[in-house]
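Trainee: what would the 3D arrangement of this be:
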Amino acid sequence: MRFAEIDLFGVFVSPMAVMLLIAWIVLQLLQRIADRAGLWRHLWHPALASTATYVIVLSAIVILAGR
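Mentor: This next block holds a predicted model:
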């Protein structure tokens, strides 16, 4: 498993930074879906659930990118 830097207009960017951004975008989409479905009002600690969801999404992206 080897991650190479990404050349973005002459600036080398870590692939982890790109994965963090993608995970954040996916998290925003999941939060909007959960908010429209009314799932956030059933949670004891929404910020904790949001953080856990972000970690799960980021882990899935890293595992899929490593294959």
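
Trainee: what's the burial count for the nearest residue to residue 61 once chain neighbours are set aside?
Mentor: Taking Cβ to Cβ, 6 or more residues apart in numbering as the measure, residue 61 lies nearest to residue 19, with 5.0 Å between them; neighbours along the chain are not counted. The C-beta positions use only the backbone N, C-alpha and C, and glycine is treated the same way. Using other Cβ atoms under 10 Å, the number of residues around residue 19 comes to 18.

Trainee: check residue 47 too.
Mentor: Residue 47: 8 surrounding residues under other Cβ under 10 Å.

Trainee: try the one 4 residues further on
Mentor: Residue 51 is flanked by 12 other residues according to other Cβ under 10 Å.

Trainee: over to residue 28?
Mentor: 11.

Trainee: what residues of stretch 50-67 count as buried?
Mentor: Buried residues in stretch 50-67, counted by 16 or more other Cβ atoms under 10 Å: 50, 53, 54, 57, 58, 61, 62.

Trainee: who's in contact with the second one?
Mentor: By Cβ atoms under 8 Å, 6 or more residues apart in numbering, the residues touching residue 53 are 27, 30, 31.

Trainee: look at residue 16 and report its pLDDT.
Mentor: We have a pLDDT of 90 for residue 16.

Trainee: what helix or strand does it sit in?
Mentor: helix 15-37 (DSSP states H and E).

Trainee: packing partners for that helix?
Mentor: Helix 15-37 sits against helix 46-66, with contacts defined as 3 or more Cβ pairs under 8 Å, 6 or more residues apart in numbering; DSSP states H and E.

Trainee: what angle separates the helix it packs on from helix 15-37?
Mentor: In this structure, helix 46-66 runs at an angle of 130 degrees to helix 15-37, with axes from the mean of the first three to the mean of the last three Cα atoms, to 10 degrees as the basis.

Trainee: give me the nearest residue to the most centrally placed residue in the chain, chain neighbours excluded.
Mentor: When the chain is reduced to its mean C-alpha position, the nearest residue by Cα atoms, centre = their mean turns out to be residue 23, at 1.6 Å. Leaving out its chain neighbours, the residue that sits closest to residue 23 by Cβ to Cβ, 6+ apart is residue 58, at 4.0 Å.

Trainee: kind regards, and thank you for your time.
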